[in-house]
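Participant: Starting from these lines, generate the structure:
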Amino acid sequence: MNSLLEIRDLTVGFGKETFFGRSKKRLLAVENLNLDLVKGETLGLVGESGCGKSTLGRAILRLLKPDSGKISYEKTDILPLSEKGFHQFRRKIQIVFQDPYSSLNPRMNIKEILIEGLLLHKQEAKNDAVEEVKNILEKVGLPSDILERYPHEFSGGQRQRIAIARALVLKPEFVVLDEAVSALDVSTQAQVLLLLQDLKKHFGLSYLFISHDLGIVRAISDRIAVMYLGRIVEIGDTRNVFERPAHPYTQALFGSVFSIENRKEKKPSLKGEVPSILRKPSGCHFHPRCPIAQEICSHAKPDWKPVGSDRKVLCHFPLEK
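Facilitator: Numbers count the residues shown, from 1 in each chain. Model prediction:
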């Protein structure tokens, strides 16, 4: 497996170390997480709100500073690098955020927004940079005569195309798509998803596709990773994970999705609320909501277990072998 991105034992916390002179426990949004992303794939990342998906995406871009762990891009650990050392990787790794209404600077016109990265990385002279911007606008389905206009003059779908163009103008290899279509209406979502797939083929991109929409993730992803309270609990081929989930949480999360074999058979749905990050359950974090939990689940962290040849699960008692 030719891994482009390797994450090992990553922990990302929030909160101050002290509170009125007393020690205060940090809130771990991502906890001892391990993940590989293969060059050329779309890896979907799903889970309930607050599970740490977006925190992970931002940590990969070094927009958040992890407490510990390694993030290796093309075998280089990017976390200890200085800003100067990380400069070359910043061009290779880009992100498209959820909200097309707030992710673009309203004081800048489209030319300024798109040309900024090229000039910062000194990849092009200004005249050449403008031509490069026009080319990328064409690739995302927008005319070059919009360069002097401002973000407020565009629809949500058009703004997200501009945000995608901004990410791609630097010719990255890997793009984090953090709920990149969730703020759009259904018809616009479909258009942007088709665009993302076309751009992936054209530029040879790899995607981390973060979303709460299981249908969209199923349609666009080669593999899928399921996250719960800061941990990946299952990862594998998208079709196999959806059709035969091996973790009880995955099965419950997909409870609203009818099985392929029997559309009248509905999978179990999630019970109870997600525990607070302030009071994560010991052992397997899912055990208070798990229908098959046993005594060991409440105090012992599970180890990874292989399921077939293409996936693995973090569970004491996997549903699939």
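
Participant: Which parts of the protein are strands?
Facilitator: 3-14, 18-19, 22-23, 27-38, 42-46, 68-73, 76-77, 93-96, 174-178, 206-210, 223-228, 231-237, 304-307, 311-314 (DSSP state E).

Participant: want to throw those into JSON lines with distance to I216, mean neighbour count and mean pLDDT?
Facilitator: C-beta here means a position set from N, CA and C on the backbone, and glycine is covered the same way. What follows is these, written out as JSON lines (distance: least, CB to CB, whole Å; neighbours: other CB atoms under 10 Å; pLDDT from 0 to 100):
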{"stretch": "strand 3-14", "distance to I216": "21", "mean neighbour count": "18", "mean pLDDT": "96"}
{"stretch": "strand 18-19", "distance to I216": "40", "mean neighbour count": "10", "mean pLDDT": "54"}
{"stretch": "strand 22-23", "distance to I216": "42", "mean neighbour count": "6", "mean pLDDT": "52"}
{"stretch": "strand 27-38", "distance to I216": "18", "mean neighbour count": "20", "mean pLDDT": "94"}
{"stretch": "strand 42-46", "distance to I216": "9", "mean neighbour count": "25", "mean pLDDT": "98"}
{"stretch": "strand 68-73", "distance to I216": "26", "mean neighbour count": "17", "mean pLDDT": "97"}
{"stretch": "strand 76-77", "distance to I216": "32", "mean neighbour count": "13", "mean pLDDT": "96"}
{"stretch": "strand 93-96", "distance to I216": "14", "mean neighbour count": "23", "mean pLDDT": "95"}
{"stretch": "strand 174-178", "distance to I216": "10", "mean neighbour count": "24", "mean pLDDT": "97"}
{"stretch": "strand 206-210", "distance to I216": "8", "mean neighbour count": "24", "mean pLDDT": "98"}
{"stretch": "strand 223-228", "distance to I216": "11", "mean neighbour count": "24", "mean pLDDT": "98"}
{"stretch": "strand 231-237", "distance to I216": "17", "mean neighbour count": "24", "mean pLDDT": "97"}
{"stretch": "strand 304-307", "distance to I216": "24", "mean neighbour count": "17", "mean pLDDT": "95"}
{"stretch": "strand 311-314", "distance to I216": "20", "mean neighbour count": "23", "mean pLDDT": "96"}
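
Participant: Relative to V130, which of the ones you listed is closest?
Facilitator: Proximity to V130, assessed across the strands of the chain by CB to CB, is greatest for strand 93-96 (19.9 Å).

Participant: For that closest one, which strands pair with it and how are they oriented?
Facilitator: strand 174-178 (parallel) (DSSP bridges).
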